[in-house]
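Chemist: I would like the atomic coordinates for the input below:
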Amino acid sequence: MSDGNCEEEATAARPVTLELGVRVTPANDVYVEPAPPTVARSGPFGLARTYWVLWGGMLLNRLGGAVFMLLGIYLTRERGLSPEMAGLVVGLNAAGGLIAGPVGGAMADRLGRRITLLVGTATAGTLMLALGAARSTPVIVALAPLLGFFTDMCRPPLQAAVADVVPPADRARAYGLLYWAINLGFAGAASFSGVLAERHFGLLFVLDALTTLGYGAIVLAGVPETRPPPPPRAGEPSRGGARFLAPFRNRRFVRFVLIQVLLLLAFAQVILALPLDMRAHGLGTARIGWLLGLNGVLIVVVQPLALRHLRGFTHAQWLAAGAALTGLGLGATALARGSLTYAVAVILWTLGEIGFSTAAPALVAELAPVDQRGAYQGTYQLAWGIGSTCAPAIGSLALARLGSTALWVGCLGVCLAAAGLHLALTARRETPLR
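Modeler: As a prediction, the model looks like this:
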């Protein structure tokens, strides 16, 4: 129960007792927060109405996210860029997103979740239209990192807003359903992106821009500011670089992020190394696309069932199980020679993805002080950025120098190590999910 609620209910009865009560921060530095504020009115499935507005906005946004799946083809076929230059543009786009997490998180804590989302969606939508209209290679190169930055800047305020309006016991379910919506939107975008691209590639840019701007309009119309007032803590950094660097002073959080970097360096091999490996074993483009698309279908089908039947497990147990299943799936790829074995491998690492993608943001919300949720979520986003940026280079080098078997067995070992580290380090001082 928040301080404001206490005052409303007991103004006439026991004001002195309530006002003089001391809020004590636990010894493990995890702030025991009050119940979410009045913006968290109950909606469908017991989750806040504000949460569902954000959920719907993200689903709409992802339905228009087909451009990035075909950006390389667009740059080479429609704009005449060389494969090397197209790779540079895609890399610059990812680099812009790499620094967006900490900046977006700091903005969400200092300026508010709502204003950060509005700035991010409005600017990203406008930049998407500009990129689709750009003809000059220098202009395309300049726009790519800016677009990546403002697109990914929206993630920390979204994750922080979910923690603001959803109580701790329901956060794993809320983040799981949000991840489910992201993949549902991605599956929808993948289903019609090729058709639109064949008609006119520019339609993909227009659609992405409109859905991004629509996401911002949904936030503007239906999402109040959810940032809670900071808890009273003496000596807490409150501005500038101190706030930006605050998550790096939390040792438990830093250990968790480093373990996730280790895991994601292996998991992100599915971006480049896995398709290359499939092609090397004689699979055609259509079959590769079908196998990789199985990932999204499984998440849409399986994740709601997992959220329903796996309650009672701790975040660390979800993380460890996810890392182990991811490792088994990637390791099974070393044995793959045909579609069936690859399909089994995809099923295994998709189950692992469901585990760690559901538990990780919920754990971050638990570790973050109330007034630093955005900064913590943004810092965790660095793990994804490092993984997706470094994994393609590591995987392609390993395939060329060591061979596919060494790569996938190495991924198995890395993931099992991450699982063990989560159980040994992340699991400390945890309570079960309910």
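
Chemist: secondary structure element for the spatially closest residue to residue 82 that is not a sequence neighbour?
Modeler: Counting by C-beta to C-beta, 6 or more residues apart in numbering, the nearest residue to residue 82 once its immediate chain neighbours are dropped is residue 76, at 7.4 Å. Placement of C-beta: from N, CA and C, glycine included. Under the criterion of DSSP states H and E, residue 76 resides in helix 71-77.

Chemist: which residues touch stretch 75-91?
Modeler: Contacts with stretch 75-91, where a contact means C-beta atoms under 8 Å, 6 or more residues apart in numbering, come from 71, 72, 135, 137, 140, 141, 144, 201, 389.

Chemist: residue 273 against residue 396, yeah?
Modeler: Yes. Between residue 273 and residue 396 there is a contact at 6.6 Å, judged by C-beta atoms under 8 Å.

Chemist: higher neighbour count, those two?
Modeler: More neighbours surround residue 273 than the other of residue 273 and residue 396, with 24 against 15 (other C-beta atoms under 10 Å).

Chemist: OK, contacts around that one?
Modeler: Residue 273 sits in contact with 391, 392, 395, 396, 398, 399, 407, where contact means C-beta under 8 Å, 6+ apart.

Chemist: now the helix or strand harbouring residue 87: average pLDDT?
Modeler: Element membership of residue 87 [criterion: DSSP H and E] is helix 83-110. Regarding helix 83-110, the rounded mean pLDDT is 85.

Chemist: and for stretch 114-125?
Modeler: Mean pLDDT, stretch 114-125: 96.

Chemist: contact partners of that stretch?
Modeler: Contacts with stretch 114-125, where a contact means C-beta under 8 Å, 6+ apart, come from 61, 104, 107-108, 147, 150-151, 153-154, 156-158, 161, 208-210, 212-213, 215-216, 219-220, 223-226, 374.

Chemist: low-scoring stretches of this protein, by residue?
Modeler: Within the chain, the stretches with pLDDT under 70 are 1-43, 69, 190, 194, 231-243, 285, 309-311, 429-434.

Chemist: how is it partitioned into domains?
Modeler: As assigned by automatic domain parsing, the chain contains the domains 44-167+187-228, 247-434.

Chemist: excluding chain neighbours, give the residue nearest to residue 417 in space.
Modeler: Nearest to residue 417 is residue 262, by C-beta to C-beta, 6+ apart, at 6.8 Å.

Chemist: just residue 363 next, same as before
Modeler: residue 315 (4.2 Å).

Chemist: how far does stretch 332-339 sit from the chain's center?
Modeler: In this view, stretch 332-339 has its centroid 28 Å away from the chain centroid, taken as C-alpha atoms, centre = their mean, to the nearest Å.

Chemist: now do stretch 362-375
Modeler: Remark: stretch 362-375 is offset 14 Å from the chain centroid, using C-alpha atoms, centre = their mean.

Chemist: now swap in stretch 403-412 and tell me
Modeler: Its chain's C-alpha centre and that of stretch 403-412 lie 26 Å apart, by C-alpha atoms, centre = their mean.

Chemist: please list only the buried members of the contacts of stretch 114-125.
Modeler: Among the contacts of stretch 114-125, the ones that count as buried by 16 or more other C-beta atoms under 10 Å are 61, 104, 107-108, 147, 150-151, 153-154, 156-158, 161, 208-209, 212-213, 215-216, 219, 223-224, 226, 374.

Chemist: out of the contacts of stretch 114-125, which are inside helices?
Modeler: Using DSSP state H, 61, 104, 107-108, 147, 150-151, 156-158, 161, 208-210, 212-213, 215-216, 219-220, 374 are the members of the contacts of stretch 114-125 that sit in helices.

Chemist: picking that back up, now the domains of the chain as CSV including distance to residue 174?
Modeler: What follows is the domains of the chain, written out as CSV (distance: least, C-beta to C-beta, whole Å):
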stretch, distance to residue 174
domain 44-167+187-228, 4
domain 247-434, 8
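
Chemist: that older thread, which of the contacts of stretch 75-91 lies closest to residue 96?
Modeler: Using C-beta to C-beta, residue 144 is the member of the contacts of stretch 75-91 that sits closest to residue 96, with 7.0 Å.

Chemist: please report the distance of that closest one from residue 84.
Modeler: Plainly put, residue 144 is 14 Å away from residue 84 if you go by C-beta to C-beta, to the nearest Å.

Chemist: which of those two has more neighbours?
Modeler: Neighbours were counted for residue 144 and for residue 84 using other C-beta under 10 Å; residue 144 has more, 24 against 7.

Chemist: that one: what secondary structure?
Modeler: The assignment at residue 144 comes out as helix when based on DSSP: H, G, I helix; E, B strand; the rest coil.
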